[in-house]
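Trainee: Here is my input; please provide its structure:
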Amino acid sequence: MPRLSRFTLAIATVIASLTLPFTVDAPADAAAGTVRWETRVSDRILDIGISSPDLEGPDWSVKVVRLLLPPGWTKESSRSWPTVWVLHGGFDDHKSWTDKGNLEALTAGKNAIFVLPETSWCSAYSDWYNDGHGGPPAWEKYLLDDVRTILESTYHANTTRAIAGNSMGGLGAMKFAASQQGWFNSAASFSGNVDPLHESGAPGEPDKPGQGCAADWKRVWGDYATHRDIWVANNPYSQAAKLTNIPLFVSYGKGDGVEALAYEQNYRFVDHLQELGAQVDERYVAGQGHNWDAWKVQMQNALPMLLNSVGAP
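Mentor: Alright, predicted model coming up:
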């Protein structure tokens, strides 16, 4: 099979800080993960503005978490619902899966809360290394500590979860499912950046996550030559053994230049998972491109698995 020389996937997946056109003045002693506002966009869509010291910005930026709500949900509800987290890719945000991915229609009537968090175009869904200093942006901490706690304490989310994502979001979905074993009952990746380290033998040098938005790529995980341990910890292919106890969905194609590069990582990732005994629903479509036309179809294919895993078929 033909091989291409390097992976620019998420040219669409890589990294910059995206700031919404508003900021918040937060008191110095404010708790991490503070809800600043809510907007009811439609009967099913609720947007929540959240600030946190884990977000990069001069005054704590606000990022939006979009919720697709199930039938019967209100703030006064006495029950809780499982969640399906759906992560966006590079050059996208919390609106993308509803505006481009048809997710509102695909999930109509389903008894789960769909969680669509905004990060940055280049978050890599990671706590950034920042030359060894850590600190913001700490995307994994923000999402899995701040946002999760808010949803489970205030918005009637329970602790039964599934996770999915496209492109950079596929990296995040598989990375979170591996790093937080037992937190997610299933995981799906659509054209995911599942081996940025190229540990699988995918051709070319490791992907440099900051370059797509003019950030210093070494801020994210450090230099792969000297901080390989950090790269390995954030690399789904390297963490595949931690994904063998939940059902997985992996889709990819080879229909354009970026997707052909995704192909190089994904078929190796699936082979590795299957060698380890993982349960993988693999959907390879040769003509599939790195685009929303493909991701809408594959989300529809993955939804039964995601919903069954959280008890909300």
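Trainee: Which parts of the stretch 151-300 of the chain are strands?
Mentor: 157-166, 187-190, 248-253, 280-285 (DSSP state E, counting those that start in this stretch).
Trainee: State the pLDDT value of P209.
Mentor: P209 is assigned 89 on the pLDDT scale.
Trainee: same deal with A294?
Mentor: You'll see A294 listed with a pLDDT of 98.
Trainee: so it touches A286, yeah?
Mentor: No - A294 is beyond contact range of A286, at 11.6 Å (criterion: C-beta atoms under 8 Å). For the C-beta atoms, the positions are set from N, CA and C on the backbone; glycine is no exception.
Trainee: Between the two, point out the one with more neighbours.
Mentor: Neighbour count, other C-beta atoms under 10 Å: between A294 and A286, A294 has more, with 23 against 11.
Trainee: Please tell me how far the more buried one sits from A312.
Mentor: Distance of A294 to A312, given as C-beta to C-beta, to the nearest Å: 25 Å.
Trainee: cool, and F176?
Mentor: To A312, F176 is 19 Å away according to C-beta to C-beta.
Trainee: quick revisit: including mean neighbour count and mean pLDDT, could the strands of the stretch 151-300 of the chain go into JSON lines?
Mentor: Shown next, in JSON lines, are those (neighbours: other C-beta atoms under 10 Å; pLDDT from 0 to 100):
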{"stretch": "strand 157-166", "mean neighbour count": "25", "mean pLDDT": "98"}
{"stretch": "strand 187-190", "mean neighbour count": "32", "mean pLDDT": "98"}
{"stretch": "strand 248-253", "mean neighbour count": "26", "mean pLDDT": "98"}
{"stretch": "strand 280-285", "mean neighbour count": "16", "mean pLDDT": "98"}
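Trainee: will you turn the ones you listed into JSON lines that also has distance to N234?
Mentor: Below are those laid out as JSON lines (distance: least, C-beta to C-beta, whole Å):
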{"stretch": "strand 157-166", "distance to N234": "14"}
{"stretch": "strand 187-190", "distance to N234": "15"}
{"stretch": "strand 248-253", "distance to N234": "18"}
{"stretch": "strand 280-285", "distance to N234": "21"}
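Trainee: Show the subsequent helix or strand relative to the lowest-mean-pLDDT helix or strand in the chain.
Mentor: Least confident helix or strand of the chain, by mean pLDDT, DSSP states H and E, is helix 10-13 with a mean of 37. Counting by DSSP states H and E, the next helix or strand C-terminal to helix 10-13 is strand 34-40.
Trainee: which other residues reach that next one?
Mentor: Contact with strand 34-40 is made by V24, A26, L46, D47, I48, G49, I50, S51, S52, V62, I150, T154, as judged by C-beta atoms under 8 Å, 6 or more residues apart in numbering.
Trainee: which among these gets closest to N308?
Mentor: L46 (24.9 Å; C-beta to C-beta).
Trainee: Assign that closest one to helix, strand or coil.
Mentor: Secondary structure, DSSP: H, G, I helix; E, B strand; the rest coil: L46 is strand.
Trainee: Excluding sequence neighbours, find me the nearest residue to it.
Mentor: Closest residue in space to L46, ignoring its immediate chain neighbours: L67 at 4.6 Å, by C-beta to C-beta, 6 or more residues apart in numbering.
Trainee: The one you found: neighbour count?
Mentor: Per other C-beta under 10 Å, the neighbour tally for L67 reads 24.
Trainee: Wasn't it part of a strand?
Mentor: Yes - the assignment for L67 by three-state DSSP puts it in a strand.
Trainee: Pull out the buried residues from stretch 252-262.
Mentor: Buried residues in stretch 252-262, counted by 16 or more other C-beta atoms under 10 Å: Y252, G253, K254, G255, V258, E259, A260, L261, A262.
Trainee: secondary structure element for G311?
Mentor: Using DSSP H and E, no helix or strand contains G311.
Trainee: Report the separation between the residue nearest to L46 and T107.
Mentor: Noted for L67: a distance of 11 Å to T107, by C-beta to C-beta.
Trainee: cool, A233 as well?
Mentor: From A233 to T107 the distance is 32 Å (C-beta to C-beta).
Trainee: Low-confidence regions, the stretch 1-150 of the chain specifically.
Mentor: Applying pLDDT under 70 to the stretch 1-150 of the chain flags the ranges 1-31, 58-60.
Trainee: can we see that at 50?
Mentor: By pLDDT under 50, the low-scoring segments of the stretch 1-150 of the chain are 1-31.
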